[in-house]
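[1] Provided below for reference: sequence and predicted model.
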Amino acid sequence: MRVDHIVTSGTFSLDGGTWDVDNNVWIVGDDREVIVIDPAHDADEILAAVADREIKAILCTHAHDDHISAAEALATATDARVHLHPADEPLWRMVYPEADYDPLHDGQTFEVAGGELLVVHTPGHAPGAVCFHAPELGVLFSGDTLFQGGPGATGRSYSDFDTIVDSITDRLLSLPPETIVHTGHGDSTSIGAESPHRQEWIDRGH
């Protein structure tokens with residue numbers, strides 16, 4: 001079980017604004033099978049990185065359009081199912097009025113390459129935001145919940161600052177400090193690097 005990674009580029013649109021963004025797409029598995037986390041922007045680029053491996057599942061940390069924009073195309077190309085927390089249904093429907101997904105829930109596990117990914121519901125950046133914890137790898141895939149430098153943005157619709165800080169505090173900071181945090185954008189960090197700064201986030205947020 002290992003982690004592969006590509007960066008895809010496109011736009012993020014919400015609340016009447018559009019921004020250029022680079023997204024991390026995480027591919028977890030081995031030489032035979034993988035799980036794709038956050039299928040952003042370019043299905044062909046993701047398929048090229050997966051190569052001839054089977055995609056067991058397509059997991060979305062949340063339903064902002066930049067994180068799911070290649071989800072339906074990737075699912076159609078591979079017959080893999082897309083999984084999303086149902087609290088993000090309104091955001092999903094902004095992109096896919098008709099396309100379906102499989103609802104995931106806190107505590108659910110996905111098996112791949114002899115290991116597993118555990119779903120951790122971390123609302124705040126979006127109501128259905130989740131992280132995926134891979135204990136065997138000592139890795140957390142945090143989407144836009146936790147970045148190098150603190151919590152993800154909460155200034156737009158469907159987001160809330162106090163909620164995201166509570167999610168990080170209650171669900172993530174209790175993980176081993178050496179846990180590597182692979183984020184939705186930008187560089188990776190660790191639980192140990194971020195946890196000492198919780199009060200700074202709160203002071204900055206208020």
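    Perfect, I can see it now. Source: prediction; values computed, not measured. Numbers count the residues shown, from 1 in each chain.
[2] in the chain, what secondary structure element scores lowest on mean pLDDT?
    helix 198-205 (a mean of 86; mean pLDDT, DSSP states H and E).
[3] what's it in contact with?
    Helix 198-205 is touched from outside by 150, 151, 154, 161, 162, 165, 168, 169, 173, with contacts defined as CB atoms under 8 Å, 6 or more residues apart in numbering. Any C-beta I mention is one placed from the backbone N, CA and C, and that applies to glycine too.
[4] Identify the residue spatially nearest to the last one, adjacent ones excluded.
    The shortest distance from residue 173 to any non-neighbouring residue, by CB to CB, 6 or more residues apart in numbering, is to residue 195 (4.7 Å).
[5] Look up how far residue 150 lies from the one you found.
    Residue 195 is 11 Å from residue 150, where distance means CB to CB, to the nearest Å.
[6] Return the residues in contact with residue 168.
    The contact partners of residue 168, taken as CB under 8 Å, 6+ apart, are 122, 124, 145, 146, 151, 198.
[7] Help me confirm that it is found in a strand?
    No: the assignment for residue 168, made by DSSP: H, G, I helix; E, B strand; the rest coil, is helix rather than a strand.
[8] got a pLDDT number for it?
    Here, the pLDDT recorded for residue 168 equals 98.
[9] does the residue nearest to residue 173 really touch residue 177, like I thought?
    Yes: contact criterion CB atoms under 8 Å: residue 195 and residue 177 qualify, at 6.7 Å.
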